[in-house]
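Q: This is a predicted model, with the sequence first.
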Amino acid sequence: MRVVWQLLAVVLVSLIGGQSVFAVKDNPWLTLALGALSVAGALFVYAWVVRRTERRPVTELAREGAVGATGRGVLIGVAMFGAVIANIALLGHYETHGLGSVPGAVGLAGFMAAAAVTEELMFRGILFRVIEERAGTWIALVPTSVLFGLWHMANPDATLWGAVVITLGAGTMLAAAYAATRSLWVPIGIHFGWNYAASGIFSTEVSGNDTRQGLLDASTSGPTLISGGDFGPEASGYALLFGVLLTVAFLWLARRRGNLVPRGGRADRVDPTVALPR
């Protein structure tokens with residue numbers, strides 16, 4: 001029952017925040033401001049409902065080390081997407097035509113921050129964490145990653161292939177990042193860094209969501225396997241490759257730190273002093 005209450009609370013604040021941000025999408029400064037408010041509201045509601053339903057400190061959103069962990073996540077996300085774009089450009093399927101829109105990049109920061117935070121709270125903070133407690137890390141990776149991929153099928157230019165890549169690359173990688181650090185700040189940072197690099201810096205589509213232009217005036221072309229097609233570079237083979245590689249790296253780190261929950265185990269077996277992000 002706690003999962004239901006937690007999801008209802010986070011989904012409600014996500015819908016309110018998302019609709020508010022979308023309503024002012026033509027005003028970049030209001031978009032940024034409302035995006036920041038949505039982030040603050042979602043974090044507050046998540047912490048409140050978890051404390052009420054689980055009667056414990058919300059260590060996965062601990063303030064200590066939050067800025068550094070989020071920053072490292074952002075760097076990983078930006079570097080990962082930069083590597084994807086570099087490979088697409090090397091094959092001649094990503095071209096820049098000059099500068100794009102600075103105000104557009106400002107507004108996208110608010111929009112992408114709100115999306116990254118609410119999705120991580122739902123999929124890693126609630127679904128993955130609770131399933132992992134009952135079934136272990138390896139089993140929890142499967143349903144939560146599949147649901148994360150299906151979640152993106154609601155976007156305007158979504159494709160089945162794009163959902164598959166998000167499932168196998170992004171969904172597993174973000175869950176593995178949480179398992180490795182026992183903190184939501186790192187996956188939140190990665191998610192935001194990836195999305196913002198895709199939209200706010202390189203001006204490509206994000207999950208088929210018809211995003212606005214960012215800092216660069218650019219275009220992609222070529223086969224879906226390389227460029228991602230209408231879904232954006234998230235559906236490219238390079239996104240899948242780098243996502244899988246990072247998944248393996250994070251799971252290795254989780255195993256090394258003793259953070260993997262065994263099948264049928266519980267997350268409270270993980271030593272919280274080991275689980276803090278480094």
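A: In hand now; what should we look at?

Q: Can you name every helix or strand that the strand or helix carrying Val4 contacts?
A: Using DSSP states H and E, Val4 falls within helix 2-23. Counting by 3 or more Cβ pairs under 8 Å, 6 or more residues apart in numbering; DSSP states H and E, the packing neighbours recorded for helix 2-23 are helix 28-54, helix 102-120. (C-beta placed from N, C-alpha, C; glycine too.)

Q: Thr137 contacts Gly258, correct?
A: No. The criterion here is Cβ atoms under 8 Å, and Thr137 misses it with Gly258 at 11.5 Å.

Q: The two: which is more packed in?
A: Thr137 (24 against 11; other Cβ atoms under 10 Å).

Q: which stretches of the stretch 51-200 of the chain form helices?
A: With DSSP state H, counting those that start in this stretch as the criterion, the stretch 51-200 of the chain has helices at 66-90, 102-120, 129-135, 137-151, 160-165, 172-181, 185-196.

Q: and of those, who's closest to Ser221?
A: Nearest of the helices of the stretch 51-200 of the chain to Ser221, taken as Cβ to Cβ: helix 66-90 at 9.4 Å.

Q: for the closest one, which positions count as buried?
A: For helix 66-90, burial by neighbour count (16 or more other Cβ atoms under 10 Å) applies to 66, 69-70, 72-74, 76-78, 80-81, 84-85, 87-88.

Q: do stretch 55-68 as well
A: Using 16+ other Cβ under 10 Å as the test for burial, stretch 55-68 gives 58, 60-62, 66.

Q: low pLDDT regions in the stretch 51-200 of the chain?
A: For the stretch 51-200 of the chain, no stretch is flagged by pLDDT under 70.

Q: before we move on, back to that, relative to Phe231, which of the helices of the stretch 51-200 of the chain is closest?
A: Among the helices of the stretch 51-200 of the chain, helix 160-165 comes nearest to Phe231, with 3.6 Å by Cβ to Cβ.

Q: For the closest one, give me every contacting residue.
A: For helix 160-165, the surrounding residues in contact (Cβ atoms under 8 Å, 6 or more residues apart in numbering) are 149-150, 152-153, 207-208, 224, 228-229, 231-232, 234-236, 239-240, 243.

Q: hmm, back to that, I'd like the helices of the stretch 51-200 of the chain laid out as a markdown table, including distance to Glu54.
A: What follows is the helices of the stretch 51-200 of the chain, written out as a markdown table (distance: least, Cβ to Cβ, whole Å):
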| stretch | distance to Glu54 |
| --- | --- |
| helix 66-90 | 20 |
| helix 102-120 | 18 |
| helix 129-135 | 9 |
| helix 137-151 | 17 |
| helix 160-165 | 31 |
| helix 172-181 | 17 |
| helix 185-196 | 19 |
